[in-house]
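Peer 1: what's the 3D shape of this:
(chains A and B)
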2 protein chains.
Amino acid sequence: MDASEYRRRGKEMVDYVADYLEGIEGRPVYPNVEPGYLRPLIPTEAPQEPEAFEDVINDLEKIIMPGVTHWHSPYFFAYFPTASSYPSLIADMLCGAIGCIGFSWAASPACTELETVMMDWLGKMLQLPEEFLAGTAGEGGGVIQGSASEATLVALLAARTKVTRRLQAASPELTQAAIMEKLVAYFSDQVVATLGTTSCCSFDNLLEVGPICKKEDMWLHIDSAYAGSAFICPEFRHLLNGVEFADSFNFNPHKWLLVNFDCSAMWVKKRTDLTGAFKLDPVYLKHSHQDSGLITDYRHWQIPLGRRFRSLKLWFVFRMLGVKGLQAHIRKHVQLAHMFESLVRQDSRFEICAEVTMGLVCFRLKGSNQLNEALLQRINNARKIHLVPCHLRDKFVLRFAICSRMVESAHVQFAWEHIRELGEDVLRAEKE
Amino acid sequence: MDASEYRRRGKEMVDYVADYLEGIEGRPVYPNVEPGYLRPLIPTEAPQEPEAFEDVINDLEKIIMPGVTHWHSPYFFAYFPTASSYPSLIADMLCGAIGCIGFSWAASPACTELETVMMDWLGKMLQLPEEFLAGTAGEGGGVIQGSASEATLVALLAARTKVTRRLQAASPELTQAAIMEKLVAYFSDQVVATLGTTSCCSFDNLLEVGPICKKEDMWLHIDSAYAGSAFICPEFRHLLNGVEFADSFNFNPHKWLLVNFDCSAMWVKKRTDLTGAFKLDPVYLKHSHQDSGLITDYRHWQIPLGRRFRSLKLWFVFRMLGVKGLQAHIRKHVQLAHMFESLVRQDSRFEICAEVTMGLVCFRLKGSNQLNEALLQRINNARKIHLVPCHLRDKFVLRFAICSRMVESAHVQFAWEHIRELGEDVLRAEKE
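Peer 2: Residues are numbered from 1 along each chain as shown, chains lettered A, B, ... in the order given. The predicted structure is shown next:
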């Protein structure tokens, strides 16, 4: 495929994507396939000779789409949202074309520098303490990780390195293994200090945890993968109070801030805590500026060596939506969650199982777990909407998460009517 | 931005990308900017109100492009290649639009199943032993990781879990810390068993290492991040002999197989070695098929929870190039490396420092390290081509890596003339 065919095919793909997203409401949100459905539909080996682009595109609707769970359907209420927006999709095209690997400043200065500045923009949108920003006199800064898991792992390894060095300095006679035995990591049952848990979007109280960590000289990492995006709205910012006690903080713009996966934002108060833990300096990665103290080599901030030009997505999304556009997106989702909550509360056969703060409603039929398992099964078998469950204190609970950028009150209304009807069926079946 | 604006702007971006790649030869391969160049060029905060698309696009040439190291320029000979091709760019657009997060089979069956089958296709292209494939009676299979670092980490953790369990079963009185003290990981100075090192693309002899690992019941992980792609050519496949002794094998199609970053291919002989180490099963990720033994939940194969629909890139690239097209790409790069090698050998002032097997030539001026450092500095300051160095047995060596998909013999010829001239300057300066 040469450039002129790419111009033609790329534009066809733009139309395919627009058609897909405009028509997504008409597709069943959850696929009706059995495990192993795909293998018999395609050859057992790669072709020796090139095939035509049309053949690949034709296979999309025949082979791929029937097996896709449509995360951006307005009838998708499962897990948590994964972000998508047109500016982000366009930025990703550019990111792919530039295709630089930004492991050091020299490997592509714009890639590193835009990331640092975008992380400052985002930090300011969240009103993070200045210590977390790079463009200040402080020692902090932000980095884009691939996922919250990676951010947590990076924080853990950095904390371990820091404490190990402190112990080794204080007691040089200790072996590495003896030190390892002494180290303790405290977790809640949702991992590390969490703002917005996956099960029910509950919040740890940082103003209680923070001072204890500070007093005991413990590394405090805060994970707010889903809910973090909401802190750009002043009315939710209080939930982040106490972040000033943290050493590192992380949330995923790729969940709720309209930036396509992957983009997990992480800040630290001391850059050297990360670079001290991960520093890797073979001569082929050295460059003339690296010891100047002026530059950032992001390979020292993360597990992988390679990294894409992901900050382009932040830049496009921030500029084309503006802070107000992003706030409006968050507020709409929270409002739709409260709308669903009030619909549930109007039906005395159902109950709300956790406080609704963000875009997640945990609810259930009053009654046994079995009853609710049956309800969920009916919902997902009907394939009109898609939900997943959670356990809250031994109770089987249904999670209704506002996910799609395109979801409107009519979809929520429809979902509730549908759930209510299936609930009636389940209750009727129980009585029979 | 609504769908109709996306149709317009997306197509403009297709043209921008095509213009960029068609005109990349005309841009200086290495940017002429100082650290911190970008921050003063953009506002200190995100805009409150949306901006126009034109404003963002206009800033690309003003702010971003002047700071980009152009990895796909035919004058880029630094590091190793990072792959790019039009079919891959188009597949990535689709991957972004579908935007599913494939952590479990149910989260998007097509995402999981296409990945499994594409990893089989690719494994067959490499003539991997059947034990590594999923579509056989065996216990193996492939997975796409984000990077070779992640693949290595996954292999290490899986190996550690496996050995720890074996030791615990044999000696239940041992504490976790005592077991940790006993564990040993053997590395060469390039990390794990390596086919195609970064410095000079040398190869470990698997037929020596393999039987020892087997006899000692040690986990053998083979990393062939760059060179692995070449094993699709029968004439290079012998370098992979001995892979039958490995427990896990990894290489990066995103380096040399025309699949855009990120796409790191990893195979294991026993799926349960990975799933045993990483299994994570909260109820919101459970689904009805997961205990059937029929399905793959890739979240148990990797560090992060989230994952993109990356196999679409493999599918598009394999089909639109065919195995023969991919082989031709590899062979062209190897041939250009040998062409450069022979140009160097014709000039008695230069020497070749390592056997040229793939697309990398390590060379230097006969003489001091200082002389060669001066030469490299002149080359990179001139910004006509871009190289990075390495150390081989205390010698400072220049690496000439064939990288761009668009590089032709004329570019290699030009590069050599340029290097030779600068070499003369350096030698003359030394004499003065």
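Peer 1: Go ahead and measure how far the longest helix that chain A contains is from the middle of the chain.
Peer 2: As assigned by DSSP state H, the longest helix anywhere in chain A is helix A:311-345. Taking C-alpha atoms, centre = their mean, to the nearest Å, the mean C-alpha location of helix A:311-345 is offset from the chain mean by 14 Å.
Peer 1: Just the CA atoms of stretch A:326-342, as CSV, please.
Peer 2: The C-alpha coordinates for stretch A:326-342 follow below in CSV (Å, rounded to 0.1, in the frame of the first residue of the first chain):
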residue,chain,number,x,y,z
LEU,A,326,-14.8,18.0,29.9
GLN,A,327,-16.6,19.2,33.0
ALA,A,328,-19.9,18.9,31.1
HIS,A,329,-19.1,15.3,30.2
ILE,A,330,-18.4,14.4,33.8
ARG,A,331,-21.5,16.2,35.1
LYS,A,332,-23.8,14.6,32.5
HIS,A,333,-22.6,11.1,33.6
VAL,A,334,-23.1,11.8,37.3
GLN,A,335,-26.5,13.3,36.6
LEU,A,336,-27.6,10.2,34.6
ALA,A,337,-26.4,8.0,37.5
HIS,A,338,-28.6,10.0,39.9
MET,A,339,-31.5,9.7,37.5
PHE,A,340,-31.1,5.9,37.4
GLU,A,341,-30.8,6.0,41.2
SER,A,342,-34.0,7.8,41.6
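Peer 1: quick one: that stretch near chain B?
Peer 2: No. Residues of stretch A:326-342 contacting chain B under C-beta under 8 Å from any C-beta of the partner chain: none, with a closest distance of 8.5 Å. Heads up, the C-betas are built off the backbone N, CA and C, glycines and all.
Peer 1: Can you give the strand pairings for the following helix or strand past the longest helix of chain A, parallel or anti for each?
Peer 2: Next along the chain after helix A:311-345, taking DSSP states H and E as the criterion, comes strand A:350-352. Note on strand A:350-352: by DSSP bridges, its sheet partners are strand A:360-365 (antiparallel).
Peer 1: Name the residues that touch the strand it pairs with?
Peer 2: Residues from elsewhere that reach strand A:360-365, judged by C-beta atoms under 8 Å, 6 or more residues apart in numbering or on different chains: A:80, A:199-201, A:226, A:337, A:340-341, A:344, A:349-354, A:371-372, A:375, A:390, A:392, A:395-402, A:423, A:426-427.
Peer 1: repeat for stretch A:7-24
Peer 2: Here stretch A:7-24 has contacts from A:1, A:53, A:57, A:60, A:70, A:72-74, A:84, A:89, A:406, B:3-4, B:6-7, B:10-11, B:14-15, B:17-18, B:86, B:89-90, B:93-94, B:96-98, using C-beta under 8 Å, 6+ apart.
Peer 1: ends of stretch A:361-379, how far apart?
Peer 2: One end of stretch A:361-379 sits 16 Å from the other (C-alpha to C-alpha, to the nearest Å).
Peer 1: Against chain B, how distant is residue A:408?
Peer 2: Relative to chain B, residue A:408 is positioned 14 Å away (criterion: C-beta to the nearest C-beta, to the nearest Å).
Peer 1: how near is the residue lying closest to residue A:327 once chain neighbours are set aside to chain B?
Peer 2: Counting by C-beta to C-beta, 6 or more residues apart in numbering or on different chains, residue A:327 lies nearest to residue A:233, which is 5.1 Å off, once chain neighbours are set aside. For residue A:233, the distance to chain B equals 13 Å [C-beta to the nearest C-beta].
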